[in-house]
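Please find the sequence and the predicted model below.
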Amino acid sequence: IRGVIDLFKDKKSKKLLNEIYKYRKYGNIIDIPNPSLNDEYVPKDIPKYKMPLNIVDCGAFNGCTIKKIKSSYNNIRSILAFEPDIFNYKKLIKLKLNKTKLTCLPLGLWSEATSLRFEGNGDMSSNLSRSGKSIITLVKYDDAFPNYKPNLIKMDIEGAEYNALLGMKNTILKYKPNLCISVYHKPDDIIKIPNLIKSWNLGYEFYLRVHEYNTFGIVLYCLQKDKTSK
């Protein structure tokens, strides 16, 4: 915790990290941070993303995040949306967006191309699982989509974030997109993922926000000054 807390740009992020740590260590309800419920991926108290946006949505579910970003940013040029749960994917492809090119892919993301067992529930909790009833294809993003130029990557993939980031490293190094990464699915995500991104030395400004109750919905925002505005 001490090694990570100094990464964060603002006092609010540092306060949230301390509250999360205290709650996890001691279990006192009074230490649970108050969530910001209505602005996940588009928080109003950090710098805004510069438009037009080219988005990679990792874990697109049924398009709810796309709709949320669209409600705050009216100039979205293109979206590359990944959703391996076939039930969610069938809902995602029905999404209609004016003046935005939407490409939907029934794939997962990983550090290499592979196939893994998957528990597809048709809801937001679908995840990789050794006891999963289906098998999905996962791709290494850098190998599969080297020519797409994102300036915003959102990632909420139920604990596969670290491995997916490894598979996107070359893209992130090349284009330095703004990042919105979930860091609550595994206990050490909140430490490992910021440290991984910091190790790439890309000059990101780090912010932390909590968007759900009981320390669910923790999102790490990594922003580039030239891709944000006040």
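Arrived safely, thanks for sending.

Quick one: low-confidence residue ranges for this structure.
Along the chain, segments meeting pLDDT under 70 span 120, 122-128.

which residues touch Thr114?
Taking Cβ atoms under 8 Å, 6 or more residues apart in numbering as the contact definition, Thr114 lies against 137-138. C-betas here are computed from N, CA, C, even on glycine.

Could you give the backbone dihedrals for it?
As for Thr114, its main-chain torsions (degrees, to the nearest 10) stand at phi -160, psi 180.

Leaving out the residues flanking it, which one is nearest to the residue nearest the centre of the chain?
Centroid check for the chain by Cα atoms, centre = their mean gives Met155 as the closest residue, at 2.3 Å. Once flanking residues are discounted, Met155 sits nearest to Cys58: 4.1 Å by Cβ to Cβ, 6 or more residues apart in numbering.

For the one you found, give me phi and psi.
Backbone torsions of Cys58, given as degrees, to the nearest 10, read phi -100, psi 110.

Same question for Ile135.
With angles defined as degrees, to the nearest 10, Ile135 sits at phi -120, psi 130.

doesn't Phe118 make contact with it?
Yes - using Cβ atoms under 8 Å, Ile135 is in contact with Phe118, at 6.6 Å.

Those two - which one has more neighbours?
Between Ile135 and Phe118, counted using other Cβ atoms under 10 Å, the more crowded position is Phe118 (22 against 9).

doesn't the more buried one fall inside a strand?
Yes - using DSSP: H, G, I helix; E, B strand; the rest coil, the assignment for Phe118 is a strand.

so what's it bridging to?
With DSSP bridges applied, Phe118 shows beta-bridge pairing to Leu128, Ser134.

Confirm for me that it is in contact with Phe87.
No - with contact defined as Cβ under 8 Å, Phe118 does not count as touching Phe87 (11.7 Å).

quick one on the thing from earlier: what sits against the residue nearest to the centre of the chain?
Residues in contact with Met155, defined by Cβ under 8 Å, 6+ apart, are 58-59, 161, 164-165, 179-182.
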